[in-house]
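Participant: Mind looking at a prediction? Sequence and model below.
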Amino acid sequence: MDTLQNMRVFVRVVEAGSFTAAAQHLNTTTAYASRAVSDLETHLRTRLLNRTTRRIALTEAGERYLQRCEQILAYVDQAEAEASDAHAHPSGKLKMHAMSSFGMHCVVPAIGRYRQRYPDVDIDLTLSNRLPDLLDEGYDVSLVLGYDLPDSGLVSHRLGSAFSVACAAPSYLEARGVPKVPADLEHHVCLHMVAPTLTAGKWTFDGPNGQETFSLPPSTFQVNVAEAMAVAVCEGMGISVLPTYSAIQWLKSGELVWILPEYTSQPMNVYALYPSRQYLDAKIRTWVDFLREELPATLAADQAALRQFART
């Protein structure tokens, strides 16, 4: 038995004053309307309407039940309207995840601009370098970087690409010299970034001679957040490869120097992941569309700005 539908029929019968008038309004038959009310009475084991050939009248139980039905149906209608509006109008809380450094430098500024356009959306952002389980952890969207994505059944959109550059502090280069090609790194202290999207123990460079792979010696220091690595490099602890979006502020301040300027390292694609394409919530759809508009230009601007910091 469809209790909600039978409730709607019962309320309409009372409002219309007869089964026939209610059936006409609901575009159904009088027999269907009568059976719907009878099914409710059987289910409740209570008479709701007294019927004669000329009129119907609510019983005392029917009057109480009518009030409850009207309240319940109003809540159902409100819930359906809110759910339908979620597909059309961005609102509510958007729970998202992003890789730590990328999130700090690219996602947080984008959130500010997004909320200027969609002020009814509240953001709950988690930054971490692990790959979360969107369904188990309740994230609407995850922004991740990687060469490729594993087959996870999630919907993915490529938003752009980023790469890394080798950096060192001026004091370190004065003391140890400036490497000219990746092979020269063998004579330097190389500090390791640790992340699930990076190949452990290797740096891969793209340069004038194509792709070159450098096997890293044991590291005296490793860390999983680019900002922490940048601080270590600024302190003269060694050379490391940093994402452009993390390195750019240190290069601008002069605390870091871009070495091997003819080479880039660790190219990564930026992906937005979310659980389903069907009936996509408006806040998810507009956020992903917003990033597809803005993010490529943001990444390209950082990469273009690098040229002024090349150290040969």
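Facilitator: Now that the structure is in, tell me what you want to look at.
Participant: May I see the domains of the protein written out as residue ranges?
Facilitator: With automatic domain parsing as the criterion, the domains of the chain are listed as 3-88, 95-312.
Participant: if you compare those, which one is most tucked away?
Facilitator: For the domains of the chain, ranked by mean neighbour count under the definition mean count of other C-beta atoms under 10 Å, the leader is domain 95-312 at a mean of 17. Where C-beta positions appear, they are placed from N, C-alpha and C, glycine not excepted.
Participant: Now do the helices in the stretch 1-150 of the chain.
Facilitator: Ranges of helices within the stretch 1-150 of the chain are 3-16, 19-26, 30-44, 60-88, 100-102, 108-117, 134-137, based on DSSP state H, counting those that start in this stretch.
Participant: quick one: which of these is nearest Phe205?
Facilitator: helix 100-102 (20.0 Å; C-beta to C-beta).
Participant: Mind listing residues that contact that closest one?
Facilitator: Applying C-beta atoms under 8 Å, 6 or more residues apart in numbering, the set of residues contacting helix 100-102 from outside is 127-129, 143, 145, 162, 225-227, 243, 245-246, 270.
Participant: dump the residue contacts of Val13.
Facilitator: Neighbouring residues of Val13 by C-beta under 8 Å, 6+ apart: Phe19, Ala22, Ala33, Val37, Leu49, Ile56.
Participant: before we move on, what about Ala22?
Facilitator: Taking C-beta under 8 Å, 6+ apart as the contact definition, Ala22 lies against Val9, Arg12, Val13, Glu15, Ala16, Ala33.
Participant: Against Ala304, how distant is it?
Facilitator: Ala22 sits at a distance of 69 Å from Ala304 (criterion: C-beta to C-beta, to the nearest Å).
Participant: re the thing from before, can I get the helices of the stretch 1-150 of the chain in a markdown table with mean pLDDT and distance to Asp281?
Facilitator: What follows is the helices of the stretch 1-150 of the chain, written out as a markdown table (pLDDT from 0 to 100; distance: least, C-beta to C-beta, whole Å):
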| stretch | mean pLDDT | distance to Asp281 |
| --- | --- | --- |
| helix 3-16 | 88 | 24 |
| helix 19-26 | 88 | 32 |
| helix 30-44 | 90 | 34 |
| helix 60-88 | 78 | 5 |
| helix 100-102 | 88 | 23 |
| helix 108-117 | 93 | 15 |
| helix 134-137 | 82 | 13 |
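Participant: Mind checking those for the one nearest to Lys180?
Facilitator: Set against Lys180 and scored by C-beta to C-beta, those come closest in helix 100-102, at 27.7 Å.
Participant: just to revisit the earlier point, which of the contacts of Val13 sits closest to Asp289?
Facilitator: Using C-beta to C-beta, Ala22 is the member of the contacts of Val13 that lies nearest Asp289, at 45.2 Å.
Participant: need the contacts of Ala22 in CSV with distance to His188, can you?
Facilitator: What follows is these, written out as CSV (distance: C-beta to C-beta, whole Å):
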residue, distance to His188
Val9, 81
Arg12, 82
Val13, 86
Glu15, 84
Ala16, 87
Ala33, 85
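Participant: circling back to that earlier point, wait, which of the contacts of Val13 is closest to Val107?
Facilitator: For the contacts of Val13, with Val107 as the reference and C-beta to C-beta as the criterion, the closest is Ala22, at 54.5 Å.
Participant: for the helices of the stretch 1-150 of the chain, which one sits closest to Ala297?
Facilitator: Of all the helices of the stretch 1-150 of the chain, the one in closest proximity to Ala297, counting by C-beta to C-beta, is helix 108-117 (10.8 Å).
Participant: re the thing from before, quick check: which of the helices of the stretch 1-150 of the chain is nearest to Thr213?
Facilitator: With C-beta to C-beta as the criterion, Thr213 lies closest to helix 100-102 of the helices of the stretch 1-150 of the chain, at 23.2 Å.
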